[in-house]
Structures are given as C-alpha cells and as structure tokens.
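# pasting the structure only:
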DNA sequence: ACCGGTAAAGTAAACGGTTACGTTTGATAC
DNA sequence: GTATCAAACGTAACCGTTTACTTTACCGGT
C-alpha cells in the first residue's frame, strides 16, 4: 500500500526552503520570520501534514509516554483507576501505553520489556497476584526508568507506591462487623504472599484481637482475588458445614463470589449468611442486598500515583522509596447489619 | 539523567563487528554464522540490551500498533470490550495505544490526530455521543489508515463496523414488555442523532407498532447515554406526574439513572415503576431487583472488530464498507415481570 | 590455475525528525 | 566606510534501526 505520508521535506521542497526551516517554523522557533512561519503552516495544512512522533521521539530520546500495566480492566477498581490515569495524562500532555497482564506474571514481564523497548518515559504498575520474579522490575531500575506502583505493590525495589490503607480499612470493616454483634467472622484472604492480601489479613487479625475474639484458622482461606476464588472458598466452607456468620472478602470480586455461592446453595444474604468486603461498587446502592464495603478510592489512588510519577519525571535522580497511603472509609449497605439466627444454618 | 541505553553499536564495538552484523544476529538472519549469533546474543544479555522499537518502527515504517479510541472506560460494556481487544492484540503481537475521549468530540479529534502521528497501523473507534464533525475521520481515510468502528459507529465514510443488532434487540426488549402486559412504555433514547440511539428507538417503535400500541411522544425522551441523563429524564416525567408503567432505557447507565430516580422519589422498582434496558451487567443476577436487559456481547463485538481490522491490515487495499451485526439476546431479571397497579402512582 | 558459488560479514543510505553550529543579509554604530 | 550584531535561514550530523548492495574468503569443480 502506498501510504504517501507527507514529511517536512515535502513541505520544504514545495516552498524552496530547507527542512530545518520547516521544522522550526512549525514549532514557532524564533529563528524564523513571521511570513515564512505562516507560509509553512498553511502549506502543512494544505498538504495534510501529520508530524511523525516516532521520528521526533527517536531524535529527542524521550517520548512523553507513560506505560501503564494492570492485571485486569473489567473490574471496578481498575476501570476507574485507569480512567483517572488517562485523564491526568491527557491533562499533562502525556500519552499512555497500557498493557494487561491478566494476572499472569510472565505476560507481565513481557509487557514490561516491551514498554522499555518503546522507551516509555515512566511506568505505572499494579502487579499480578502471582508476581514473584522481580527480574523485569530490576531491569527497569537498572535502566533508571521511573516507576510507581499502585494498589498491588512490591516494596524493597526502590520504587515508590500508592495504596489504600489496607490494614486500617480491613480493620475498620471487621471492627464494624464485631460492633454489629458478629463473632464468627471468616476471611477470604486472596493470596497472603501479596502485599494487599497480607495487609488486609493483618487488619482482620488486628480487629479480632482488639475485640478479644479468637481467629478460627478454618475460616481464613487463601485462594485468589477473583469471583471464582470467592465462590470456591465459599463452597469449601459450605460443604464442610462450617460457615461463619459473616465473611470478610478481600476484594469486590471475591464478595461477588460469596453472593454466587450463597445463591448456588440456596442461602440468602443477609438472612443466612453475611458478607463485607474490601472494595465495592457505587452501583451497589441501588440494589438489594447492597454490599457493605470498604471504599477503595480508585481515582484518588490513581491520581496520586500519576502525580508522583510526573514529579519524578520532572525531577530525575535517585530518591528514597516513598509510600503514600490513602485512608479508607466504610460504605454501609444492607449486608453486615447484624447477625440473626438463620433458620437454615442453625435450625 | 544519564540513561545509558545500550545500542546495537555498543554490542558491535565490544565484539569488533559491525552493527549490521549485530542487528542480523539478533534477528537470526541466515547471513550470520552460528558462533557469531551466540556471541552477539550473549553479549546483548550481558549488557542489558533492550531493542529500541522507536528506531525500528521508524525504519520499518510500521509499528504493529493499533490505536483504540473509546468514549469511556469505567462502563461495563467498554471495560469488557477493551479487555477483549487487548487480549486479541496480545495474541497477535500487536500493541495497543488507547485513548479516552470522555464523550468529548474535540478530544476525540485530537486523539485521532495523535494516533496518526504515532503512526498506528490501524484504528479501532467507538465515537462519542456528540460526534458530528467528521474531519478527523476523513483525514484517516485520506491517509489510507484502516479503521473499524465498533458499537458507536459512523456510516458512510467507507469504514467497516461491528455493532450489536440494536433495532432487533430493542424490539425484543419492548416486545417482551408488551407480552408481559405493559402498555404504557416509555423510552429514554439517549441521542437520536447517533446511530445506536436512532436504531434502538426504531426497534422500540417497531415493537409498539407491531403490537398496535400508540407511541406517546411525551414518553420518548432524548438526553444522553449516562446515568445523569437517565436520572434527569426520570425526574422530568415524575415532576410532570406522567410516568409510564415501564421505561425502556437505551443503555445500562441510563437504567441506573432510572434506579436513582426511583430511589430519589421514593418509588420502588418493580412495585411502582419498571425498567428494562439495552445493556446490563452480569453482576446484576446477584442483586434485587435484578435488571431485565438486552445483553450486548461486548467481548464478541470487540473480537469481531479486532479480527476485521487485523484482516484489513493483512490484506490492504480499498474495500467496501462492511457491517457486522451481532444478534442480541434478552437476559431476564426481576424488572419488567408484569405490570401491577401501583399503590403510589395510581391510588 | 581459473571460474563460479556461497557463507559470512561489512558499507552506505534511508526512515523523519532535531540540534549545534554556520552563513548570509541588512541595519546600526562609530 | 568598516566593524558589529541580530534576524533569518542553511548545513551537517545524529537518534538507533533496517535494507539493499558489496566485499572477502574459502571451497569445489574442471
């Protein structure tokens, strides 16, 4: 296909000037006279000139492009965060190159490499639930490319990060459940080898401990952050005939998994079993039973992460790892309003 | 900042060979001997070489990159579609550069230009609800860059597109309402100047006509595709004391706006007023009142659009505008189950 | 001893810009 | 009338690859 892209030289030839003149004129360089500038611009428009960012980027050795790597898109938290990041980027004249790891750490590593190849100026990353090999991130560090983690973070690599206050939020949620009179509180914990899994579990334990309640190890289940994982854990407890009064879900999808499990087993929320979750959706308020959840302000987290990265881009140089923690608040719904003696579970 | 990026020449110097040899070796060109290849690859690894895609793309005059332009991200349909597009792109070794127009047509035009500047090989676009000026798209056409519209499409520009079967789906939904016994059926129509707005409204009218029901013009309201728009329309009818039995919402957010309006005015769905919608969320099945909606298979639409675009990329040349239409199915929930005499509205 | 062929490597130009540094011209200063 | 300077434009090199075209060296065949 003959894509006859118009270049600077085409404009230059037409006007019998050098391409440098054209380049400068288009960028309003002071070297060039008003008359020439106007002429060049008019001709550029007339010919349908579109500047070639690739050439520009190669020459400038920077791209005003940020790489964004997330594990998922179709997920309230990430969809909202991504949108906020795009907003901020647009407002600051940065482009975004996003990639989705699909919770697969080898995809993640591959995407990081690709982004380095594309010479992004900086990276914004939320890691997968299985990320263990840090080679890709060490490469980023060695190349001196700024990176900020958000939500799903890795510490100790020298990169700053922004998260919700996982421990405090989890503690808040579980303390609320306790205050409402629940004592048998389970926790579907995601993966405890991840930062968010670990810290949310810490919050859960802290609240239990502060209330003097014992933690029943059978009720604390690892398994993942997705709906399927929540469902699986629910079924496991159900089949063992060992469901607690309320389950504290590590994520919104896991909470949905609990809803799914309840529906599958014919139990009603909140009549027979209850649920409270870290993360939810504002749509929830229109529906019954509305989930009670710890609000994870995706857009606030995302904007902080972007600002942090932009700051690093503008002030290069080595720096300390900085951790920004956004406090979480409770969003009250219909679930977790107080225990009742279930006709089904405790006849 | 001294980003000492390793280049082909660095490897070449180290090995006392030319950079062409290195380039060829890394790409397993037959020109180069096994021993040299291995040596080059080892050295590349040792030095932490990361190929520069920018330079490669400039040289190759293509980028294996697709531009994706959507009006929104935090929206079930788009989040799902985007994820499917990223999936397909990854599987086909394409990169995606996404931009979000935020329903703003001048942002949209700007993003299109940026993507052309970035020399994307092709474009995947879902237009804003206000797109009227086609200049940007004509530029795309003039440059011969392949483009496929999905969901929110523009016809007549020579670009192919993939949509749900809007008319059929809308007709299905409204016919279902009629079958359940509703006669007073309103329609919050989004914007009738858009393709989806127009066609969904056509489907609504068709179903009404087939049932011999009159269309009350007061009950057919334009306004937009967002939650706020649905809410506004609802309040307008409510304040006029002129609510129908059921509202057919043009989109899921508009349906949520109806939920919001009902909640605001103390009306209960489905007791006092009902709603059915084009587009919904699978999460809905866990909640009450679960929305009855026309399922818009976002991932199917997205994958078709990507395949279409990939095909055009592999077989360049002029072609006819092709329209792929994906049939829609009804997803039954609790709303729109049948009319009842509302204690509130008809005392 | 000469020819042709091939494997393996190198040279130069191109991709479309930007930047550092020259050159020309005219006006101003002295 | 010459030195000085700034405005306006040009030249050449470079960014890091790829590609088209050579070159070199060695080998077998006659």
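Thanks, I have the structure now. All values reported here derive from a predicted model rather than from experimental measurement. Numbers count the residues shown, from 1 in each chain, chains lettered A, B, ... in the order given.

# Look up the pLDDT of the one residue in the stretch 201-347 of chain A that gets nearest to DNA strand D for me, please.
Residue nearest to DNA strand D within the stretch 201-347 of chain A (Cβ to the nearest atom of the strand): residue A:316, separated by 16.9 Å. Any C-beta I mention is one placed from the backbone N, CA and C, and that applies to glycine too. On pLDDT, residue A:316 comes in at 87.

# and chain A, which residues reach DNA strand C?
A:5, A:7-9, A:19-20, A:23-24, A:26-27, A:31, A:49, A:51-52, A:55-56, A:58-60 (Cβ under 7 Å from any atom of the strand).

# before we move on, back to that, and the residue of the stretch 201-347 of chain A closest to DNA strand D, helix, strand or coil?
The three-state assignment at residue A:316 reads coil, by DSSP: H, G, I helix; E, B strand; the rest coil.

# can I assume it is in contact with residue A:146?
Yes - using Cβ atoms under 8 Å, residue A:316 is in contact with residue A:146, at 7.5 Å.

# Tell me the backbone dihedrals of the residue of the stretch 201-347 of chain A closest to DNA strand D, please.
Note on residue A:316: its backbone torsions stand at phi -70, psi 170 [degrees, to the nearest 10].

# and if you look at the one 10 residues further on?
Phi and psi for residue A:326, reported as degrees, to the nearest 10, are phi -100, psi 120.

# what's the burial count for it?
17 (other Cβ atoms under 10 Å in any protein chain shown).

# again with residue A:225
With other Cβ under 10 Å as criterion, residue A:225 counts 29.

# Okay, now the unreliable bits of the stretch 1-150 of chain A?
Where the stretch 1-150 of chain A drops to pLDDT under 70, the residues are A:1-3.

# So which residues of it form strands?
A:65-70, A:95-100, A:122-125, A:147-150 (DSSP state E, counting those that start in this stretch).

# how far away is the residue of the stretch 201-347 of chain A closest to DNA strand D from residue B:306?
38 Å (Cβ to Cβ, to the nearest Å).

# When these two are compared, which one has more neighbours?
Per other Cβ under 10 Å, whichever of residue A:316 and residue B:306 has more neighbours is residue B:306, with 28 against 12.

# can I assume the more buried one is in contact with residue B:85?
Yes - using Cβ under 8 Å, residue B:306 is in contact with residue B:85, at 5.5 Å.

# what about the residue nearest to residue A:77 when sequence neighbours are not counted, distance to residue A:163?
Spatial nearest neighbour of residue A:77, chain neighbours left out: residue A:298 (4.8 Å); criterion: Cβ to Cβ, 6 or more residues apart in numbering or on different chains. Distance of residue A:298 to residue A:163, given as Cβ to Cβ: 12 Å.

# now do residue A:237
29 Å.

# The two: who's more crowded?
residue A:163 (24 against 19).

# So that one, which state does it fall into?
Assignment for residue A:163 (three-state DSSP): strand.

# just to revisit the earlier point, list residues touching both of residue B:306 and residue B:85?
Where contact means Cβ atoms under 8 Å, 6 or more residues apart in numbering or on different chains, the residues bridging residue B:306 and residue B:85 through contact with each are residue B:124.

# Spatially nearest residue to the residue in the stretch 101-250 of chain A positioned nearest to chain B, not counting backbone neighbours?
Using Cβ to the nearest Cβ, the single residue of the stretch 101-250 of chain A nearest to chain B is residue A:117, 4.4 Å away. Leaving aside its chain neighbours, residue A:117 sits nearest to residue B:53 (4.4 Å; criterion: Cβ to Cβ, 6+ apart).

# okay, which residue is most central for chain A?
residue A:78 (4.6 Å; Cα atoms, centre = their mean).

# That residue contacts residue A:72, doesn't it?
Yes - the pair residue A:78 / residue A:72 is scored as a contact, 5.2 Å apart, by Cβ under 8 Å.

# what about residue A:33, neighbour count?
The burial count for residue A:33: 11, using other Cβ under 10 Å.

# Could I get the phi/psi values of it?
Residue torsions, per degrees, to the nearest 10, at residue A:33 are phi -70, psi 150.

# could you measure it against chain B, distance?
Distance from residue A:33 to chain B, counting by Cβ to the nearest Cβ, to the nearest Å: 26 Å.

# again with residue A:295
15 Å.

# Over to residue A:301?
14 Å.

# what about that residue, which helix or strand?
helix A:298-314 (DSSP states H and E).

# got a list of contacts for that helix?
Applying Cβ under 8 Å, 6+ apart, the set of residues contacting helix A:298-314 is A:66, A:76-78, A:80-85, A:88-89, A:92, A:94, A:121-124, A:146-151, A:160-164, A:319, A:322, A:324, A:326.

# excluding its backbone neighbours, what's nearest residue A:196?
In space, residue A:196 is closest to residue A:166, 5.4 Å off (Cβ to Cβ, 6+ apart).

# how about the helices in the stretch 151-300 of chain A?
For the stretch 151-300 of chain A, the helices defined by DSSP state H, counting those that start in this stretch occupy A:166-179, A:195-210, A:227-239, A:252-264, A:298-314.

# Nearest to residue B:253, out of those helices?
Comparison of the helices of the stretch 151-300 of chain A against residue B:253 by Cβ to Cβ identifies helix A:298-314 as nearest, at 17.2 Å.

# mind listing what's buried in the closest one?
A:298-306, A:308-310, A:312-313 (16 or more other Cβ atoms under 10 Å in any protein chain shown).

# now stretch A:53-66
Applying 16+ other Cβ under 10 Å to stretch A:53-66 flags A:53, A:54, A:55, A:56, A:57, A:58, A:63, A:64, A:65, A:66 as buried.

# Might you calculate how far it sits from the centre of the chain?
The chain centroid and the centroid of stretch A:53-66 are separated by 26 Å under Cα atoms, centre = their mean, to the nearest Å.

# For that stretch, give me every contacting residue.
Contact with stretch A:53-66 is made by A:89, A:93-97, A:118-124, A:306, A:309, B:3, B:52, B:54-55, B:57-58, B:63, B:114, B:117-119, as judged by Cβ under 8 Å, 6+ apart.

# re earlier: mind checking which of the residues of chain A next to DNA strand C are in helices?
A:8, A:9, A:19, A:20, A:23, A:24, A:26, A:55, A:56, A:58, A:59, A:60 (DSSP state H).

# any chance of the residues you listed in JSON lines, plus distance to residue B:208?
Compiled in JSON lines, those are given as follows (distance: Cβ to Cβ, whole Å):
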{"residue": "A:8", "distance to residue B:208": "59"}
{"residue": "A:9", "distance to residue B:208": "61"}
{"residue": "A:19", "distance to residue B:208": "63"}
{"residue": "A:20", "distance to residue B:208": "66"}
{"residue": "A:23", "distance to residue B:208": "61"}
{"residue": "A:24", "distance to residue B:208": "63"}
{"residue": "A:26", "distance to residue B:208": "56"}
{"residue": "A:55", "distance to residue B:208": "57"}
{"residue": "A:56", "distance to residue B:208": "56"}
{"residue": "A:58", "distance to residue B:208": "59"}
{"residue": "A:59", "distance to residue B:208": "61"}
{"residue": "A:60", "distance to residue B:208": "60"}
